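Visitor: My questions are about this predicted structure, shown below with the sequence.
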Amino acid sequence: MPDDLPALRSETGIVCAGPVGGTRLRGGELSDDGLRSVEDRGGEMNEWLTSEALEQGRRILAAGPICDECLGRGFARLGHGLTNATRGRAVREALDRPEADAPCWVCDGLFDRTEAWATQAVEAAAGIEFDTYLFGVQLTPRLEEMEAFRLERFPTDSSESLKHAFNRTVGRAFEARIGGGTVDFADPHLSFVIDLANSRLSMHVASLYIYARYRKLVRGIPQTRWPCRKCRGKGCSACGMTGKQYAESVEEWIGAPLLEAAQGAAHRFHGAGREDIDARMLGTGRPFVLEVVSPRCRTIDLSAARERINDQAEGRVEVSELSFVDRSVVARLKSIDATKRYAAEVSFDADVAAGQLDAALASLLGEIEQRTPVRVSHRRADKVRTRRVLEIRGEWGDARHAVIEIEGEGGLYIKELISGDGGRTVPSLAERLDVGARVTSLDVLDVSSKAFDDLM
């Protein structure tokens, strides 16, 4: 071995060396450098096997025993429709070099184990419905080092990385064994990670996402499951060992039937905001996405699921037509700045005339400064928010009662708009009337934004 060429000894004891620079391949060129060309072989060789490519192959083979897969990876962008192993064999045969009689100095036999890894993946995926998949691999430090050495000593624009080639090869074997599936780099149903250092394969099943609107027709039901305040969900005498603060929730009425249909591990509820527990959600309902975690079944009869949800909830909760969506809809749903319309029954501490009420309501149009309400300050940051009242009108019942309809920006606290919350909301109806006022019942009539139409 020339003294000026660096060497790297692998774990198998093979010394690997090669030219520090190397030649970047440009497929399709021929030169007379003493190597047998296409013309010399009577057209038997593939056109991509140029003299330049063969010279690169000679240098790679001189570095030590190498498998056809790793040899062919150096020419992965040359020769249409060929596997790397086919390319490697073509280079080896063109140079009259025998097959390696020792483990490959680059991958140490990694590609000999692709079928075994594919078999593990098939076993892990048994009984799970999927259309798309993706493989990833965590190389050992030794493999990372040898691959880096190969790329440094034999640079080329035509090479394929060890990770990419291995993932693709295992994926092809997986498809053949399971009888289907398509690679999806963006959002695969099944994601496999092969940890070579620990000889372990892990699998992640992508969640299933279902979009609709819900109506909550009774009061006293939270939107999502609330853990018991005393035991924090563990179960105690205060919650009857249920671990829940409230016996039911919108999330559970909707999630349980969908979870059963999809044979999932759990469900998560993503709503476009939430109403108070003591408020109803009427009108066309509130948009939401129900996420089913680790579903074994992705083909669900959504019409039947909707019917089951509505039947089981017995008039407490209703859902609109259900639709499958991708996971990006969750973030988009949360980011939509929807307007809300409410109907609030209000009680006054002193007599209020109809004209006095109308004037006070008119003065509330526009910006409202609201410091985090006392009732939620234990779980939300204490800060002042500016929200707008877009429309407001009242129906005077008698001197002590009225029904007020309000349309406002998302995040406007309606109860505090009426009461003032001890001066934390300015202006408020109580302040403008100079009379104590409070909401005795609240309904959400509409949650609207044109952006919701684009989620489907």
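Guide: Right, received. Where do you want to start? Residues are numbered from 1 along each chain as shown.
Visitor: hang on, isn't residue 122 packed against residue 177?
Guide: Yes. Residue 122 is within contact range of residue 177, at 4.9 Å (criterion: C-beta atoms under 8 Å). (C-beta placed from N, C-alpha, C; glycine too.)
Visitor: so residue 388, which of the three states?
Guide: Secondary structure assignment for residue 388 (DSSP: H, G, I helix; E, B strand; the rest coil): strand.
Visitor: What's the first helix or strand after the helix or strand in which residue 256 is found?
Guide: Assessed by DSSP states H and E, residue 256 sits inside helix 250-262. Where DSSP H and E defines the elements, the next helix or strand beyond helix 250-262 is strand 266-271.
Visitor: got the angle for that following strand vs helix 250-262?
Guide: For strand 266-271 against helix 250-262, the angle between stretch directions is 130 degrees (axes from the mean of the first three to the mean of the last three C-alpha atoms, to 10 degrees).
Visitor: Name the residues that touch strand 266-271?
Guide: 207, 223-224, 250-251, 254-256, 258-259, 286-294, 330, 333-334 (C-beta atoms under 8 Å, 6 or more residues apart in numbering).
Visitor: Where does the prediction get shaky in the protein?
Guide: Within the chain, the ranges that satisfy pLDDT under 70 run 1-45.
Visitor: before we move on, the earlier item: so which residues make contact with the helix holding residue 256?
Guide: Applying C-beta under 8 Å, 6+ apart, the contact partners of helix 250-262 are 208, 210, 214, 216, 221-225, 264, 266-267, 269, 288, 290, 292, 295-298, 300-301, 305, 308-309, 312-313, 316-317, 319.
Visitor: Buried residues, that helix. List them.
Guide: By 16 or more other C-beta atoms under 10 Å, the buried positions in helix 250-262 come out as 250-255, 257-259, 261-262.
Visitor: Those into CSV, with extra columns for distance to residue 136?
Guide: Formatted as CSV, the buried residues of helix 250-262 follow (distance: C-beta to C-beta, whole Å):
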residue, distance to residue 136
250, 37
251, 32
252, 35
253, 38
254, 34
255, 30
257, 34
258, 29
259, 28
261, 30
262, 25
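Visitor: With respect to residue 48, which of those residues is nearest?
Guide: Using C-beta to C-beta, residue 262 is the member of the buried residues of helix 250-262 that lies nearest residue 48, at 48.1 Å.
Visitor: Kindly provide the distance from that closest one to residue 322.
Guide: From residue 262 across to residue 322, the span is 12 Å (C-beta to C-beta, to the nearest Å).
Visitor: What of residue 180?
Guide: Residue 180 sits 26 Å away from residue 322, going by C-beta to C-beta.
Visitor: now residue 126
Guide: If you measure residue 126 against residue 322 using C-beta to C-beta, the figure is 28 Å.
Visitor: Residue 245 now?
Guide: Distance, residue 245 to residue 322, using C-beta to C-beta: 28 Å.
Visitor: domains of the protein?
Guide: 7-94, 112-204, 208-335, 339-453 (automatic domain parsing).
Visitor: Could you point out which of these sits nearest residue 106?
Guide: Minimum separation from residue 106 across the domains of the chain (C-beta to C-beta) falls at domain 7-94, 4.2 Å.
Visitor: Tell me which stretches of the stretch 1-150 of the chain form helices.
Guide: For the stretch 1-150 of the chain, helices defined by DSSP state H, counting those that start in this stretch occupy the ranges 51-62, 68-73, 84-94, 114-124, 141-153.
Visitor: Comparing residue 180 and residue 322, which shows the higher neighbour count?
Guide: More crowded of residue 180 and residue 322, by other C-beta atoms under 10 Å: residue 322, with 21 against 10.
Visitor: Isn't that one up against residue 304?
Guide: No. Taking contacts as C-beta under 8 Å, residue 322 lies outside contact range of residue 304: 9.9 Å.
Visitor: what is the orientation angle of the lengthiest helix in the chain with helix 84-94?
Guide: Using DSSP state H, we find that the single longest helix of the chain is helix 162-178. Here helix 162-178 runs at an angle of 110 degrees relative to helix 84-94 (the same axes, to 10 degrees).
Visitor: List the buried residues for helix 162-178?
Guide: Residues of helix 162-178 classed as buried: 162-163, 165-171, 173-175, 178 (neighbour count, 16+ other C-beta under 10 Å).
Visitor: now the residues you listed as a markdown table including distance to residue 50?
Guide: Shown next, in a markdown table, are those (distance: C-beta to C-beta, whole Å):
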| residue | distance to residue 50 |
| --- | --- |
| 162 | 24 |
| 163 | 27 |
| 165 | 22 |
| 166 | 27 |
| 167 | 29 |
| 168 | 25 |
| 169 | 26 |
| 170 | 31 |
| 171 | 30 |
| 173 | 31 |
| 174 | 34 |
| 175 | 33 |
| 178 | 39 |
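Visitor: what's across from residue 367 in the sheet?
Guide: Going by DSSP bridges, residue 367 is paired in beta bridges with residue 388.
Visitor: That one against residue 388, yeah?
Guide: Yes. Residue 367 lies in contact with residue 388 (C-beta under 8 Å); the separation is 5.6 Å.
Visitor: Just the element for residue 392, please.
Guide: Using DSSP H and E, residue 392 sits within strand 384-398.
Visitor: just checking, what packs against that strand?
Guide: Secondary structure elements in contact with strand 384-398, counted by 3 or more C-beta pairs under 8 Å, 6 or more residues apart in numbering; DSSP states H and E, are helix 354-362, strand 366-371, strand 401-409.
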